[in-house]
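Peer 1: Mind folding the following:
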Amino acid sequence: MQLNNAPSTPRQSLFVERLSHHATMVASTRDRYATDTHVHDCDMLFVPLAGRFSVGDAQGEAQRLGPGHFVWFAAGSAHSTTTLTSGQTHIAVYVDPALWATALQAQGVSGPPQGMRAGSTALRALSQRMFESAKTGAGENYALCGALVMEAARLSGNPLSDGDPSSALLVAELLAEAIESDLAEPLSLEAFAQQHRLSRRQVERIFRAKYGVSPLAWLQRRRLERAAYLLAHTRESVLSIALQVGWESGSYLSRMLEKTWAKTATQIRASGPGSSLYSVIPPST
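Peer 2: Numbers count the residues shown, from 1 in each chain. Have a look, this model is predicted:
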């Protein structure tokens, strides 16, 4: 959906005078967040981190938006935003139009239509870091702000998204990313489901539809691959490796290795780093 240009009547929100570094960020966790139809005197990037939103344009058309997507509004374009869930977290980056034009040019993007697009791992990581910085009162990080603007400009070369960002692809990928970020952590589907305003059963069904296995089976497989990698690439003990991937005993790891690959820890270690089977997931840095 392409968002239409605004008429001159909506309330105007002024930000340009605040843009001493050509971009500024506002973070919000306000319950039941909602705005009336308004325009800005600068460009705006709206990046959800949790919850679901309805984003409307000047013609009254609305599109659903959630984590994994972002929307760009050009200066002077009317829009409104309403949460569809009881809780939400988002950041809004207000950008001097000249900086946004420069960012688009640097990324080789010419005349992109405004609207919603799929984000990226980099955009999500940058927006999360910016939100954490705001939450701790550390102040604005203009380097992060600039990096997010450049990444959003790059993504603006992609087609507009018409899909509902609560689709199986997005939710499943976000959960897989969360699992692999720290394999030693217990799997908390309840917390993940609550963060994304879904039920645990919905999350499990969505994940299985995408990957063909349950989230727990995915976690166990990734733990096993990480353990095999560590056995082949380090001299750490079986117990130490088991603990690193979230298992409490070396004997359990040994049983899982034999059950999955019919190999002992000693045999996997003897195979060395050259085996492609054991180089799937390197250790976290």
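Peer 1: all helices of the stretch 51-200 of the chain, in order?
Peer 2: Ranges of helices within the stretch 51-200 of the chain are 97-106, 121-135, 142-155, 168-181, 189-195, 200-211, based on DSSP state H, counting those that start in this stretch.
Peer 1: Contacts made by the second one with the rest, please.
Peer 2: When you say that, I think you mean helix 121-135. Helix 121-135 is contacted by residues 25, 27, 47, 49, 67-68, 70, 89, 91, 93, 139-141, 144-145, 147-148, 151-152, 155, 177 when judged by CB atoms under 8 Å, 6 or more residues apart in numbering. To be clear about C-beta, it is placed using only N, CA and C from the backbone, and glycine gets the same treatment.
Peer 1: how near is D43 to W100?
Peer 2: According to CB to CB, to the nearest Å, D43 and W100 sit 4 Å apart.
Peer 1: State the mean pLDDT of the host helix or strand of V47.
Peer 2: Per DSSP states H and E: V47 is located in strand 43-50. The average pLDDT for strand 43-50 rounds to 93.
Peer 1: Which strands border it, and is each parallel or antiparallel?
Peer 2: strand 69-73 (antiparallel), strand 89-95 (antiparallel) (DSSP bridges).
Peer 1: From the chain's centroid, how far away is the longest one?
Peer 2: Averaging C-alpha coordinates over strand 89-95 and over its chain gives two centres that are 14 Å apart (CA atoms, centre = their mean, to the nearest Å).
Peer 1: For that strand, which outside residues touch it?
Peer 2: With CB under 8 Å, 6+ apart as the criterion, strand 89-95 contacts 15, 18-19, 22-29, 33, 40, 42-51, 53, 103, 127, 130-131, 134, 145, 148-149, 152.
Peer 1: For PyMOL, write a command that selects the buried ones of those.
Peer 2: Here is the PyMOL command that picks out the buried ones among those, judged by 16 or more other CB atoms under 10 Å:
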select buried, resi 15+19+22+23+24+25+27+28+33+40+42+43+44+45+46+47+48+49+50+51+53+103+127+130+131+134+145+148+149+152
